[in-house]
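*Asks:* can you look at this prediction? I've put the sequence above it.
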Amino acid sequence: QGQLIESGGGLVQAGASLRLSCTGSGHPFSDYAMAWFRQAPGKDRDLVAAIDYNGGNPYYENFAKGRFTISRDNAKNMVYLQIDNLKPEDTAIYFCASQPLPHFYYYSSYDYWGRGTQVTVSS
């Protein structure tokens, strides 16, 4: 059974940077598109960014353009989310997820989810 585990979150001050990591096991995640979501307290879970199986075609939601960078290292079964110039509104639990497709498709379902890593940004 496939498993995704996020790490790299923490409590940081506004303006800092974080790199979140997602490691996969038990499933050939390197063959599939991956995505990062986030969920702030009392809000819905929102897509942040996604990437094709081969690291190509990175997709970002509008709010993520410019400060967020998604990448992957299939040799290590890792997906990353670099967040620069963190803002208090970035405070959320960040989740990684996989699609059952090699190329990201906005309207596709997700078949595996991690449990998330908390990012808290103080002002």
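*Replies:* Good, I have the coordinates. A quick note: this is a predicted structure, and the numbers were derived from the prediction, not measured.
*Asks:* could you point out the helix or strand that follows whichever helix or strand residue 96 is part of?
*Replies:* Counting by DSSP states H and E, the element that carries residue 96 is strand 92-98. Using DSSP H and E, the helix or strand that follows strand 92-98 towards the C-terminus is strand 112-113.
*Asks:* ok, that next one: who's next to it in the sheet?
*Replies:* strand 92-98 (antiparallel) (DSSP bridges).
*Asks:* buried sites along the strand holding residue 96?
*Replies:* Neighbour-count burial for strand 92-98 flags 92, 93, 94, 95, 96, 97, 98 (criterion: 16 or more other CB atoms under 10 Å). For every residue, glycine as well, the C-beta is placed using N, CA and C.
*Asks:* can you check stretch 111-120 too?
*Replies:* 112, 113, 114, 116, 117, 119.
*Asks:* still on that earlier bit, let me know the closest of the buried residues of strand 92-98 to residue 45.
*Replies:* residue 95 (7.0 Å; CB to CB).
*Asks:* show me what contacts that closest one?
*Replies:* Shown in contact with residue 95 (CB atoms under 8 Å, 6 or more residues apart in numbering): 6, 36, 37, 38, 39, 45, 113, 114, 115, 116.
*Asks:* tell me what whichever strand or helix holds the third one is packed against?
*Replies:* Assigned by DSSP H and E, residue 37 belongs to strand 34-39. Secondary structure elements in contact with strand 34-39, counted by 3 or more CB pairs under 8 Å, 6 or more residues apart in numbering; DSSP states H and E, are strand 18-25, strand 45-51, strand 68-73, strand 78-83, strand 92-98.
*Asks:* output those strands as CSV; include the columns mean pLDDT.
*Replies:* CSV is the format used below for the helices and strands packed on strand 34-39 (pLDDT from 0 to 100):
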stretch, mean pLDDT
strand 18-25, 97
strand 45-51, 98
strand 68-73, 98
strand 78-83, 98
strand 92-98, 98
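*Asks:* tell me which of the ones you listed sits nearest to residue 104.
*Replies:* strand 45-51 (4.2 Å).
*Asks:* can you list the buried residues in the closest one?
*Replies:* Residues of strand 45-51 classed as buried: 47, 48, 49, 50, 51 (neighbour count, 16+ other CB under 10 Å).
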